[in-house]
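3D, please:
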Amino acid sequence: MAEKRKERESKTKEKSLTKSLTKMKSKDDEVHICGTDIQALHSYSVHNTSFATLPDSTPSTPDPKKGKHEPSLSEIQENIVRCINERVNGLEELLRANTVSIEALKKTTEFLFNEVKDVKEDMKNVKEEMKINHEVSGAHGKKISEIEARLNEVEHYKRRWNLRMYGLVEQAGEDIKARVVDICCAVLPELTSKLQQDVDIVHRLGRKLEGNAVKARTVIIQFVSRSSRDMLWKAAKTSSYLKTKEIRFGEDLTTMDKAVRKQLWPKVEAARQFSPVFPGPGGL
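Reported below is the predicted structural model:
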């Protein structure tokens, strides 16, 4: 089988060589014929003078076609290097600008950190001072409260000899003490002689206002005897004479006592709804 295959291949090669030689021979004959014809034409033209001679002219050759310029390897390398350099320069400028910005941010951050640190220290010191001041103020406040309570107690004890009269109309050139003694004797006639001696100081409170005929100024009365004052105060609560004259007596309370009464009064009003005979703060 292998030998037959070799024989077929050799025969195929011989046939292809024979064909190529035949073609080459035909081409040589054509060239030879063309050459003979050209020589005959040349000799004819030389010997035949009947043809007019033409002036010599330079043959015009067509311009070669302008083809696309293909860059060389060195040009490609130069372009790559140029692009890389441009990109590197741009990155260097960007890096330089970022470096400056980072340095500025770093300084700003350090400044803010130091400011925050100082503020924290100040707040810590302020808290410590506030704590100390609170302790001191608490102690001082306690002492002040104790002193105020003691002063109020002293003032309250002193005012137990006083009574206030409301609703007594003012008169021009009045003898306020004589008028008050007469009213006291009318409320408690059985102590007329004693009240004339026990009423010590009488005067109106505040500055007199011109044309103030609607509201009379309050009258304060100081007694020599505490017992006379208490008896008059008790009798004034149910006196028909005072109701007719639209005059009433009241206790001479301190500022602290007034605040306490003001806080207690709503509770008293609520208690009176359940018990109409419940006394007010002044009757406790």
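
A216: how many residues sit nearby?
Counted with other C-beta atoms under 10 Å, residues neighbouring A216 total 16. Quick note: C-beta positions are derived from backbone N, CA and C, even for glycine.

Name the SS class of it, please.
Of the three states, A216 takes coil under DSSP: H, G, I helix; E, B strand; the rest coil.

roughly how far apart are it and E246?
For A216, the distance to E246 equals 10 Å [C-beta to C-beta, to the nearest Å].

Please enumerate the shared neighbours of those two.
Counting by C-beta atoms under 8 Å, 6 or more residues apart in numbering, the shared contacts of A216 and E246 are G167.

residue ranges with poor pLDDT in the chain?
Applying pLDDT under 70 to the chain flags the ranges 1-4, 6, 13-14, 16-69, 211-214, 275-284.

need the longest helix for it.
Counting by DSSP state H, the longest helix found in the chain is helix 73-158.

Can you report phi and psi for S239?
Torsion angles at S239 (phi, psi; degrees, to the nearest 10) stand at phi -80, psi 120.

residues contacting the nearest residue to it once chain neighbours are set aside?
The shortest distance from S239 to any non-neighbouring residue, by C-beta to C-beta, 6 or more residues apart in numbering, is to V187 (4.8 Å). When contacts are counted by C-beta under 8 Å, 6+ apart, V187 touches L232, A235, A236, S239, Y241, L242.

among those, who's most crowded?
Counting neighbours by other C-beta under 10 Å, L232 leads these with 23 neighbours.

picking that back up, heading C-terminal from the longest helix of the chain, find the next helix or strand.
strand 162-166 (DSSP states H and E).

how big is the angle separating the helix or strand just after that next one from strand 162-166?
Remark: after strand 162-166, the chain's next helix or strand is helix 176-187, criterion DSSP H and E. Counting by axes from the mean of the first three to the mean of the last three C-alpha atoms, to 10 degrees, helix 176-187 lies at 90 degrees to strand 162-166.

roughly how far apart are the residue positioned nearest the centre of the chain and S101?
Centroid-nearest residue in the chain, with C-alpha atoms, centre = their mean: V116, separated by 17.7 Å. As for V116, its distance to S101 is 22 Å (criterion: C-beta to C-beta).

Next step: the contacts of V187 restricted to helices.
When those are checked against helices (DSSP H), the matches are L232, A235, A236, Y241, L242.

need those residues in CSV with distance to Q222, can you?
Output for those, formatted as CSV (distance: C-beta to C-beta, whole Å):
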residue, distance to Q222
L232, 12
A235, 18
A236, 16
Y241, 22
L242, 19
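
among these, which two are most distant?
L232 and Y241 (12.2 Å; C-beta to C-beta).

if we can go back for a sec, what packs against the longest helix of the chain?
In terms of contacts (3 or more C-beta pairs under 8 Å, 6 or more residues apart in numbering; DSSP states H and E), helix 73-158 is packed against helix 255-274.

got the buried residues for the helix it packs on?
Across helix 255-274, burial judged by 16 or more other C-beta atoms under 10 Å covers D257, R261, V268.

And the second one, how far from V100?
Going back to what we said before, that points to R261. Distance of R261 to V100, computed by C-beta to C-beta: 76 Å.

Check the last one too.
V268 sits 80 Å away from V100, going by C-beta to C-beta.

go on, the first one?
From D257 over to V100 the distance is 76 Å, taken as C-beta to C-beta.

Any idea how far stretch 100-107 is from the middle of the chain?
27 Å (C-alpha atoms, centre = their mean, to the nearest Å).

let me fix that: stretch 139-148
Per C-alpha atoms, centre = their mean, the centroid offset for stretch 139-148 relative to its chain is 40 Å.
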